[in-house]
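Enquirer: got a predicted structure here, sequence first:
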There are 2 protein chains.
Amino acid sequence: MQKIDIHTHILPKDIPDWKGQFGYGGFIRLDHYRPCCARMLRDDGKSFRDIEENCWSPHRRIEEMDEAGIGLQVLSTVPVMFSYWAKPTDATEVARYLNDDIAEAVGEFPLRFAGLGTVPLQDTDAAIRELERCRASGLLGVQIGTNVNQLNLGEDRFFEFFKACEELGMAVFVHPWEMMGEQDMRKYWLPWLVGMPAETSRAICSLIFSGTLEKLPNLRICFAHGGGSFPSTVGRIDHGFDVRPDLCAIDNQVKPSSYFGRIYFDSLVHEPKMLEYLISIAGADHVALGSDYPFPLGEAKPGEMIESMGLDESTKELLLRGAALRWLGADESGLWFAN
Amino acid sequence: MQKIDIHTHILPKDIPDWKGQFGYGGFIRLDHYRPCCARMLRDDGKSFRDIEENCWSPHRRIEEMDEAGIGLQVLSTVPVMFSYWAKPTDATEVARYLNDDIAEAVGEFPLRFAGLGTVPLQDTDAAIRELERCRASGLLGVQIGTNVNQLNLGEDRFFEFFKACEELGMAVFVHPWEMMGEQDMRKYWLPWLVGMPAETSRAICSLIFSGTLEKLPNLRICFAHGGGSFPSTVGRIDHGFDVRPDLCAIDNQVKPSSYFGRIYFDSLVHEPKMLEYLISIAGADHVALGSDYPFPLGEAKPGEMIESMGLDESTKELLLRGAALRWLGADESGLWFAN
């Protein structure tokens, strides 16, 4: 079986000088200081993260996929590139550049890569236009952040975007970024370890409580890092919904846990017992292998934990491949990336 | 077996006019608009929460404890009363008033109540003085917030306080408050449903990564709501610690999950499978029944979920009583509140 990894990040090898082009800063640039390595720099010169060739080179990625037995990677940009804070026309240009790079990798290796685009969500119309363009260029969906300039995804202004995703059959991958509490927990990587799981729960809750998911029953949507803290706190969330409908059930009267079996999660929880819990509550057909490749907080050998858990074959097949196909809207028979 | 409920909140029936007394606002007052009911009001007149007689009357609480088979409640104030933002001398006066009320209930019904005080953590010396006073008045520990004016609990300035708790044998209960992200998720009660679990994880992480827990091996510390999102995301947290020691292991080189078996949690996760996970990872002797009585987000019948899970008798005994005794530093033989 060729495994599918739905949570992987990629960047173009070269990034334009957007600060110079747009006349204001805040963007990321790459400093290729050695042949295999680059620094992601904020355009004020501050280092954000060191990356290696596998972050931009499809060829290098395929070598590593072959080593790990990954048949197909779903590519998405690095969330720091979302640029929701920029002017919409500029963010559109950023998105197009990133999306074209992903579409090129998919076009070159259609059996090894599927792609998710990024969209300028600060302008719903522009986001929908870029969504359509992504679809036309062969991408299967989009990756979006858990908030858009701290606005929640359930806000009315984003509804038409999600509706377009449903209508166009584009999968949605929700990834945490601009983490709540970041300014108050700078030490110990806590925005990544504490803020990210909270961001993802916030996004799921907002999409449920606002009624967005209820109104769009065919939206295929997946949440990173096993849904963050949502699955483990759903008992509390359901209970809140039950005891304070005046606060929680104002826009949607459906119990939050009802959405298990509809929403997808990647498998990246790093703890076998927690993954068992996630499978038990979300269904193995809605939990898809995701590794956060090629970043260190991800699973170094994608799929290793799933394969080590002694799961039965059908559950394993769902986690390693079946759930991903369902979420992407593909099936084995008509699979353009069949193995 | 007489169950012990370690997570219950109580207020004095009457609250002084602290705004008038101190000359600035931000405090809570009570409006007893009906014999059995009161409104908690912010002193700008905004309603915070409606409460009933069981929030202030020991007699009413004992009636409800008898109905639920609760032998002993551990009393603590409502986190909105912490007043860490106030002037230290004023916050000390607030704490004394609240603590005297709890000590009075404990003194009147020593077989039914144990007490946790509150301390003015914005001033470590004042907090230690009030801690000593709490101990002298018969309280067994203190309840503190997950942050102090957005400072993390692992900050150096709080170390002497935790050290004093260890030295005096005072148990510590950490409860979320002033939730991260609150200003950006006002709808749907999300500060309570998303922010609180994140706050608790932040507190645990800060106390671990800073080395506070490592330096104080005999500190008995317990975290509300099953530790929030910490236990479910510990795989991610451990992995972060492993792959980015330059960020995570700068002040403490011990793996975060190593602290399971030392830190305590209440049982309030509202989901049997999640509670099973918590027990499996934290140990039944470190998970103690907590209900959040008398608030609606708590367990309406304290202990009901634990009793419904088909756990073996020894596990159940630990959850319903044994873990609480260990955390409080009491044992059955010398129990002043023996049943």
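Expert: Noted; the coordinates are in hand. Numbering: from 1, shown residues only, chains lettered A, B, ... in the order given.

Enquirer: A:Asn149 against A:Ala86, yeah?
Expert: No. Between A:Asn149 and A:Ala86 there is no contact, the gap being 10.3 Å when judged by C-beta atoms under 8 Å. Placement of C-beta: from N, CA and C, glycine included.

Enquirer: A:Gly107 touches A:Gly115, doesn't it?
Expert: No. Contact criterion C-beta under 8 Å: A:Gly107 and A:Gly115 do not qualify, at 9.2 Å.

Enquirer: identify the contacts common to those two.
Expert: A:Gly138 (C-beta atoms under 8 Å, 6 or more residues apart in numbering or on different chains).

Enquirer: out of the two, which sits in the busier spot?
Expert: A:Gly115 (27 against 13; other C-beta atoms under 10 Å in any protein chain shown).

Enquirer: can I take it that that one is in a helix?
Expert: No. Using DSSP: H, G, I helix; E, B strand; the rest coil, the secondary structure at A:Gly115 is strand, not a helix.

Enquirer: which residues does it bridge with?
Expert: For A:Gly115, the beta-bridge partners are A:Leu75 (DSSP bridges).

Enquirer: so who does it touch?
Expert: Contacts of A:Gly115 (C-beta under 8 Å, 6+ apart): A:74-76, A:99, A:102-103, A:105-106, A:134, A:138-140.

Enquirer: interface residues of the stretch 1-150 of chain A facing chain B?
Expert: Within the stretch 1-150 of chain A, the residues that sit near chain B (C-beta under 8 Å from any C-beta of the partner chain) are A:147, A:150.

Enquirer: pick out the residue of the stretch 1-150 of chain A closest to chain B.
Expert: Nearest residue of the stretch 1-150 of chain A to chain B: A:Gln150, at 4.4 Å (C-beta to the nearest C-beta).

Enquirer: would you agree that residue is in contact with A:Met179?
Expert: No. Between A:Gln150 and A:Met179 there is no contact under C-beta under 8 Å: 10.7 Å.

Enquirer: show me the longest helix that occurs in chain A.
Expert: Longest among the helix segments of chain A by residue count, using DSSP state H, is helix A:88-108.

Enquirer: kindly format the C-alpha coordinates of that one as PDB.
Expert: These are the backbone C-alpha positions of helix A:88-108, laid out as PDB (Å, rounded to 0.1, in the frame of the first residue of the first chain):
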ATOM      1  CA  PRO A  88      -5.700  42.000  -0.600                       C
ATOM      2  CA  THR A  89      -4.200  42.700  -4.100                       C
ATOM      3  CA  ASP A  90      -0.700  42.000  -2.700                       C
ATOM      4  CA  ALA A  91      -1.800  38.900  -0.800                       C
ATOM      5  CA  THR A  92      -3.400  37.700  -4.000                       C
ATOM      6  CA  GLU A  93      -0.100  38.000  -5.800                       C
ATOM      7  CA  VAL A  94       1.700  36.200  -3.000                       C
ATOM      8  CA  ALA A  95      -0.900  33.400  -3.100                       C
ATOM      9  CA  ARG A  96      -0.700  33.100  -6.900                       C
ATOM     10  CA  TYR A  97       3.100  32.800  -6.800                       C
ATOM     11  CA  LEU A  98       2.900  30.100  -4.100                       C
ATOM     12  CA  ASN A  99       0.100  28.300  -5.800                       C
ATOM     13  CA  ASP A 100       1.800  28.200  -9.100                       C
ATOM     14  CA  ASP A 101       4.800  26.700  -7.600                       C
ATOM     15  CA  ILE A 102       2.700  23.900  -6.000                       C
ATOM     16  CA  ALA A 103       0.800  23.400  -9.200                       C
ATOM     17  CA  GLU A 104       4.100  23.000 -11.100                       C
ATOM     18  CA  ALA A 105       5.300  20.300  -8.700                       C
ATOM     19  CA  VAL A 106       2.000  18.500  -9.000                       C
ATOM     20  CA  GLY A 107       2.100  18.900 -12.800                       C
ATOM     21  CA  GLU A 108       5.600  17.500 -13.000                       C
END
